[in-house]
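[1] Structure for the following, please:
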Amino acid sequence: METIVFDYKTELIGTLVTLVILAVLRFVLQKAIRKVGKISDLNRVRTLLIIKYVSSAILIIGVVAITLIWGVNIKDLGLIFSSVFAVIGVALFAQWSIISNITAGVILFFSFPYKIGDRIRIMDKDIADSESNFETYLIEDIKAYHMYLRKSNGELLTYPNNLMLQKAVARIETTDEIKGE
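    Numbers count the residues shown, from 1 in each chain. Next up is the predicted model:
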């Protein structure tokens, strides 16, 4: 056991340092995301979803870093990664709209000026009653891929997050105005 520790001392120290740095980075980013969620008065579920995305990205970075530290032969990994990425690339291309909606969900978390309970009007001729009559919607929930919008007649509309970034959206009432504050 001592010879293994002595022989791989540099790699073990590098791995330990990498794990500590990634743990601290994850902690700091989680704190920052929670703070943004609290300041922006965002739904807790949305905040946890963004934290999950960040944790996954940090995990991928950690695996790559530790692989490099341990000196795994890049040529051997290159063949494996190119095969895996080819399969993943085909799968992601087939699911491009899902990736687009997830990305839009992350963008909406940090920059969306509306929150659950706000009443909005989407300037989208595809969902309008007539050419110039855009209906108002109540934001009931914001998920990773889509939003639940309630029409005034009670009908529930599922609207993709990426379209919320592409269409003009006007806020009619905020949650605070509805409460009378």
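[2] Point out where the chain drops to low pLDDT.
    Under the criterion of pLDDT under 70, the regions of the chain flagged as low confidence span 1, 74, 77, 91-95, 129-132, 174-181.
[3] Nearest the geometric middle of it, what residue?
    Using C-alpha atoms, centre = their mean, the residue of the chain that lies closest to the mean C-alpha position is Val106, 3.7 Å off.
[4] Just confirm it is within a helix.
    Yes. When DSSP: H, G, I helix; E, B strand; the rest coil is applied, Val106 is found to be in a helix.
[5] From Leu165, how far out is it?
    Taken as C-beta to C-beta, to the nearest Å, the spacing of Val106 relative to Leu165 amounts to 11 Å. Glycine gets a C-beta too; all of them are placed from N, C-alpha and C.
[6] mind listing the strands for this protein?
    Per DSSP state E, the chain has strands spanning 119-123, 136-142, 146-151, 156-160, 168-173. These are given in chain order.
[7] Can you spell out which helices and strands pack onto the longest one?
    Going back to what we said before, that points to strand 136-142. Using 3 or more C-beta pairs under 8 Å, 6 or more residues apart in numbering; DSSP states H and E as the contact criterion, the neighbours of strand 136-142 among helices and strands are strand 119-123, strand 146-151, strand 156-160.
[8] Domains in this protein, by residue range?
    Per the record, the chain has its domains at 2-94, 113-179, by automatic domain parsing.
[9] Dump those domains into TSV; add distance to Ser100 as well.
    Formatted as TSV, the entries for the domains of the chain read as follows, by distance: least, C-beta to C-beta, whole Å:
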stretch	distance to Ser100
domain 2-94	11
domain 113-179	5
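[10] Please identify the most buried of these.
    domain 113-179 (a mean of 15; mean count of other C-beta atoms under 10 Å).
[11] what's the distance between it and the middle of its chain?
    Shown here is domain 113-179, whose average C-alpha point lies 20 Å from the average C-alpha point of the whole chain (C-alpha atoms, centre = their mean, to the nearest Å).
[12] ok, the residue nearest to the centre of the chain touching Ile50?
    Yes. At 6.2 Å, Val106 counts as touching Ile50 under the criterion of C-beta atoms under 8 Å.
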